[in-house]
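A.B. asks: build the 3D model from these lines:
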Amino acid sequence: MYESVKSFANKYHMFDGTAGVIVGVSGGADSVCLLLIMVRMSRETGFPLTAVHVEHGIRGEESLSDAKFAEELCFRLGVPFKEYSVDALSYSEKTGQTLEEAARCLRYESFCKACSECGADRVAVAHNADDCAETLLFNLARGTGIRGMAGIKPVSRMPVFDKWEQGDGMAPLAVKEKNDGKDILIIRPLLNTASEEIRSWLDDRDQPWREDSTNADISYSRNRIRLNVMPQLRRINAGAVIHMADMAGQLKEICDFLDEEITDKGSDSFRVIDSGKEGRSIEIYCEPFLKLPPVLQKHLLVYLIGEETGSRKDITSTHVDKLLDLTEGAPGRRISLPYKKEARREYDRVVLYHGPVAGQTRSFAHFDMELAVPGVTETPGGLIFKTEILSRTDVSQKIPKKRYTKWFDYDKIKLTVRIRNRQSGDYMQTTAQGGHRSIKQYFIDEKIAADLRDGIALLADGDQIIWAVGYRISEAYRVTGETRKVLKVTCFTGSQSCYGD
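C.D. replies: Here you go, the predicted model:
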C-alpha cells in the first residue's frame, strides 16, 4: 500500500519543492495510517514533518484521551508534535455554522498557525476513497452539478480570507506572507485508498487507533451515508467505493477541461471588479455569455459563484438555474446566493455582490432629461438611447419582439419625451381598452426588488410611461395599422454594442 500511496502522491506532485509538511493526526485509523506513511516518505524524501492534533472541546475526556494517544504515538515515531485546543461549540453558536462546519474551520485555522510556526507549505489530511465516494453521493443528493460529483481534490489551496470570522486567530494571509507569498496546499495522499484497506494494513502491523464515538451518530448526514448506504452498495459490488472514486476522478478531469474552456472562450463574458471599501463584485455580460454553449454557461456560473462566495460547498444546481434565468430575464430582478451574496440583473449584465446591510438601500443616479428625437442621448447611469423617425411603410407589418429596441406611434405622443427615474403619479396603460396601472404596482407585480426600482429607466410622456426599459411598453403608444410615423428607440450601454434583441 505504501508504494501505491507514494505513486498517487507523485502523480499529483504533492511534495514537489515543499519547505515542510504538516500532517493532521486525530488518532483515528485514517490519520494514523497517514502518519506512518508520511514518516517513511519524509525519511526517504527529506522534507521536514510536523504532526498536528486539534482538540475541538466537544467530547470531553474521550477527546482529551485522543490527544494523549496522538502525542504518545508521535513521540514513539520521533515526529515533532503540536496540539491546539479550540471551542467548536461556542464558535458554532457564534457564527451560526453547524458544529461540523465550525470544527472544520477551527481545525484549518490551527493548521495555518502550525504552517506559520514551522515554515511549512503543505498540510496532509487523511481523506480516503470512502470519503470521496461519500462526498459524491452527498452532493448528488443535494442537487449538485458535475463539479460537486468530482468529489474531493487530491490537491487544493488552503482558503485565504482577510481574517477569520472569530477575529482572534492568525489570518491565512499573514501565514502566506511568512511563506514568502506562497500558497499553502492541502494534500490528500490516501484519497485513492479504501478505508477497508487502511484498517487491514494497520491490523497487519498491530497498530492501534482511536474510534471517534460521534462517527456512530446518524444525525450527521455523512454518517448516515457511511453506515447505511455504503454497506448496501458494497453488497451490490465489492469494489463500489473504488469505482465511485474513479468516477469522481474522471469527472474532475472533465471539470479541469471545462475550466480551461471557460478561461479561453468565456473570458469576455465576465469581469471581477474591486471597489475598495465597497468590496469586490463580479459582472457577467449577458450578450457574450448567452453565446457560449450551455454546458460552458453552467460551468462558468458555478465557477463565478464560487469566486464571489469563496466556496463552492453550498452551491447547488438550483442556484445555478436561478442565476441562468437572471441572465435571460429583465433588469431589476434579484436572487439570493449562499454566504450572504446576491445577484441582480441590470440592463446588459448580471452583478454578483455581497448583500446589503439590513435596512440599507441601494442608491442610483437620479436623472430627468429630454430624449433627443431623432438623435442620441446618454443618461448619467451610462445608458445610451438612439432614436429614429420612420414612416409606417419603413417598418414591417409585424413589429419584432425585442427587449431593448421598441417602436412607438409617434403621433400619439403629446409632450416632449423624457428619460427619467420613476416619480409619484406615474402610470402605464396596460390594456388596449384603456386599463392602466401605477408604475409602483407594475413593479410589484413584476416582482422587482423594492431597492432596485429607482434604477429602472423610464421613457415618459408627462405622467404616462411609454416604456419601462427592459420591460413592456404602454398599449397607448403601440404601433397599429393607422400609424403614420414611427418612433424607433434602441437602448444600449457604453460598454456593450447596441442590442439586437
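A.B. asks: pretty sure residue 411 contacts residue 480?
C.D. replies: No - the pair residue 411 and residue 480 fails to qualify as a contact (Cβ atoms under 8 Å) at a distance of 10.7 Å. For the C-beta atoms, the positions are set from N, CA and C on the backbone; glycine is no exception.
A.B. asks: the helices in the stretch 151-300 of the chain, which residues?
C.D. replies: Here the stretch 151-300 of the chain has its helices, by DSSP state H, counting those that start in this stretch, at 172-178, 195-204, 221-224, 230-236, 240-265, 286-289, 294-309.
A.B. asks: would you mind listing the buried residues in the fifth one?
C.D. replies: Buried residues in helix 240-265, counted by 16 or more other Cβ atoms under 10 Å: 240-242, 244-245, 247-248, 251-252, 255, 258, 261-262.
A.B. asks: give the rounded mean pLDDT of the helix or strand harbouring residue 76.
C.D. replies: For residue 76, the host element (DSSP states H and E) is helix 61-77. Throughout helix 61-77, pLDDT has a mean value of 93.
A.B. asks: show me what it is packed against.
C.D. replies: Packed against helix 61-77 by the contact rule (3 or more Cβ pairs under 8 Å, 6 or more residues apart in numbering; DSSP states H and E) you find helix 29-45, strand 49-55, strand 81-85.
A.B. asks: quick one: the shortest one to helix 61-77, angle?
C.D. replies: This means strand 81-85. Relative orientation of strand 81-85 and helix 61-77, computed by axes from the mean of the first three to the mean of the last three Cα atoms, to 10 degrees: 170 degrees.
A.B. asks: relative to strand 49-55, how tilted is the next helix or strand after strand 81-85?
C.D. replies: The helix or strand immediately downstream of strand 81-85 is helix 88-95, counting by DSSP H and E. Calculated by the same axes, to 10 degrees, helix 88-95 forms an angle of 70 degrees with strand 49-55.
A.B. asks: quick one: list the elements packing against the very next helix or strand once past helix 88-95.
C.D. replies: Per DSSP H and E, the first helix or strand lying C-terminal to helix 88-95 is helix 99-118. Packing partners of helix 99-118 (3+ Cβ pairs under 8 Å, 6+ apart): strand 21-24, strand 49-55, strand 81-85, helix 88-95, strand 122-124, helix 172-178.
A.B. asks: what about the closest residue to residue 102 other than its chain neighbours, neighbour count?
C.D. replies: Nearest residue to residue 102 in three dimensions, chain neighbours excluded: residue 92, at 3.7 Å (Cβ to Cβ, 6 or more residues apart in numbering). For residue 92, the count of nearby residues is 19 (other Cβ atoms under 10 Å).
A.B. asks: contact partners for residue 92?
C.D. replies: 98-99, 101-103 (Cβ atoms under 8 Å, 6 or more residues apart in numbering).
A.B. asks: 10 Å - rerun?
C.D. replies: By Cβ atoms under 10 Å, 6 or more residues apart in numbering, the contact list for residue 92 reads 58, 98-103, 105-106.
A.B. asks: if any of those are buried, put those into a ChimeraX selection.
C.D. replies: Buried residues within the contacts of residue 92, by 16+ other Cβ under 10 Å, are selected in ChimeraX with:
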select :58,99,101,102,103,105,106
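A.B. asks: can I get the contacts of residue 92 in JSON lines including distance to residue 197 and pLDDT?
C.D. replies: Below are the contacts of residue 92 laid out as JSON lines (distance: Cβ to Cβ, whole Å; pLDDT from 0 to 100):
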{"residue": "58", "distance to residue 197": "29", "pLDDT": "82"}
{"residue": "98", "distance to residue 197": "30", "pLDDT": "79"}
{"residue": "99", "distance to residue 197": "30", "pLDDT": "82"}
{"residue": "100", "distance to residue 197": "26", "pLDDT": "81"}
{"residue": "101", "distance to residue 197": "29", "pLDDT": "81"}
{"residue": "102", "distance to residue 197": "31", "pLDDT": "83"}
{"residue": "103", "distance to residue 197": "27", "pLDDT": "87"}
{"residue": "105", "distance to residue 197": "30", "pLDDT": "85"}
{"residue": "106", "distance to residue 197": "30", "pLDDT": "88"}
